[in-house]
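[1] Sharing a model that was predicted from the sequence below.
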Amino acid sequence: MAVYTLPDLPYDYAALEPYISGRVMELHHDRHHTAYVAGANTALEALAAARDDGDLGAVNLWEKNLAFNLGGHTNHCVFWANLSPAGGGRPEGELAEAIKDSFGSFEKFQAHFTATALGIQGSGWAVLAYDSISGKLVVLQLFDQQGNVPVGTIPLFMVDMWEHAFYLDYLNVKTDYLKAVWNIANWQDVAGRLADAVARGRGLIVR
Ligand code: MN
C-alpha cells in the first residue's frame with residue numbers, strides 16, 4: 001500500500017503556455033514527479049523491511065533516498081500549485097505587506113529571488129519561505145530536492161531550477177525562464193500558504 005501518490009496537475013499540461021510548454025509540463029509531472037513518488041515509497045518500504053529483518057546496515061542509503069524523493073514529491077506539489085494560467089501580476093493584502101516588511105519592496109524581493117535562483121550551483125530550487133521563529137519571510141536556495149533549508153521554515157513559493165524544468169523551452173537561458181515564471185506566479189496560492197503559516201507555524205518548531 002503506497003503511502004505517497006502522484007497528484008493530478010490543477011490545470012491542463014498546456015495551460016501555462018507560452019511560458020512553460022505542455023511538453024515540459026507533461027514530462028515534468030508524468031515522469032519526474034512520478035519518479036519521486038515511487039522513490040519515496042520504495043525508501044519507506046526498504047526501511048520497514050530493514051526494521052523487520054533487524055538489518056539496518058543500509059540505513060544511510062535509504063534515509064538519503066527518502067529525503068531526496070520525499071523532498072522531490074513535496075517540492076513539486078508546492079510548485080504546481082504556485083503556478084496558474086490566471087497568475088501573474090503582484091501580490092496583494094497580507095502577502096504584499098509581508099514582502100514589503102521583509103524585503104523592502106516587491107521589486108527588491110523579485111531581484112533577490114531571481115539572483116538566488118540564477119545563482120544555484122547545480123540542481124535545486126529557489127524558495128520564498130516563512131520563518132516560524134522570526135515571523136519574517138526569507139529567500140533560500142534549496143539544493144537537489146532537500147538540502148540547505150532550515151527545518152523551521154515553511155515554503156510558500158518555490159521555483160524549480162532543475163534543467164528538466166526549463167531546458168526544452170529555454171535551453172540554458174535561465175533568466176528568460178525566470179521572467180516567464182512571474183507571469184504565471186499564483187499569488188493567491190502563495191497568500192493562502194502565508195496565512196496558514198502565520199496561523200499555525202509561529203513558534204511551532206522553536207517554542
Ligand atoms: Mn522538477
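    That came in fine, so what should we check first? Numbers count the residues shown, from 1 in each chain.
[2] tell me the domain ranges of the chain?
    The chain breaks down into these domains under automatic domain parsing: 21-82, 93-199.
[3] now these as JSON lines including mean pLDDT and mean neighbour count?
    All C-beta spots, glycine's among them, are computed from the backbone N, C-alpha and C. Formatted as JSON lines, the domains of the chain follow (pLDDT from 0 to 100; neighbours: other CB atoms under 10 Å):
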{"stretch": "domain 21-82", "mean pLDDT": "98", "mean neighbour count": "16"}
{"stretch": "domain 93-199", "mean pLDDT": "98", "mean neighbour count": "18"}
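[4] Now render these as a markdown table, adding distance to the ion.
    As requested, the domains of the chain are exported to a markdown table (distance: least, CB to the ion, whole Å):
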| stretch | distance to the ion |
| --- | --- |
| domain 21-82 | 5 |
| domain 93-199 | 4 |
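[5] Output those as a markdown table; include the columns distance to residue 15.
    Formatted as a markdown table, those follow (distance: least, CB to CB, whole Å):
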| stretch | distance to residue 15 |
| --- | --- |
| domain 21-82 | 8 |
| domain 93-199 | 9 |
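[6] and of those domains, who's closest to residue 2?
    Residue 2 lies closest, by CB to CB, to one member of these: domain 21-82, at 4.7 Å.
[7] Distance from that closest one to the middle of the chain?
    14 Å (CA atoms, centre = their mean, to the nearest Å).
[8] okay, how far is it across it, tip to tip?
    16 Å (CA to CA, to the nearest Å).
[9] Can you tell me what sits against the lengthiest helix in the chain?
    Taking DSSP state H as the criterion, the chain has its longest helix at helix 59-82. The contact list for helix 59-82 (CB atoms under 8 Å, 6 or more residues apart in numbering) reads 4, 7, 9-10, 28-29, 32-33, 35-40, 42-44, 46-47, 50, 125, 142, 144-146, 155, 157-160, 185-186, 189-190, 193.
[10] Of those, which belong to strands?
    Cross-referencing the contacts of helix 59-82 against strands under DSSP state E gives 125, 142, 155, 157-160.
[11] so what pLDDT did residue 204 get?
    As summarised for this prediction, residue 204 has a pLDDT of 88.
[12] ok, now the one 3 residues further on?
    The predicted structure scores residue 207 at 86 on the pLDDT scale.
[13] mind listing the helices for the chain?
    22-27, 34-53, 59-82, 93-103, 106-118, 167-170, 174-182, 187-201.
[14] which stretch among these comes nearest residue 138?
    The minimum distance between residue 138 and the helices of the chain falls on helix 93-103, with 7.3 Å, by CB to CB.
[15] for that closest one, packing partners?
    For helix 93-103, the helices and strands in contact under the criterion 3 or more CB pairs under 8 Å, 6 or more residues apart in numbering; DSSP states H and E are helix 106-118, strand 137-143, helix 187-201.
[16] Any chance of these in JSON lines with distance to residue 82 as columns?
    As requested, the helices and strands packed on helix 93-103 are exported to JSON lines (distance: least, CB to CB, whole Å):
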{"stretch": "helix 106-118", "distance to residue 82": "12"}
{"stretch": "strand 137-143", "distance to residue 82": "14"}
{"stretch": "helix 187-201", "distance to residue 82": "6"}
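[17] of those, which approaches residue 85 most closely?
    Proximity to residue 85, assessed across those by CB to CB, is greatest for helix 187-201 (12.6 Å).
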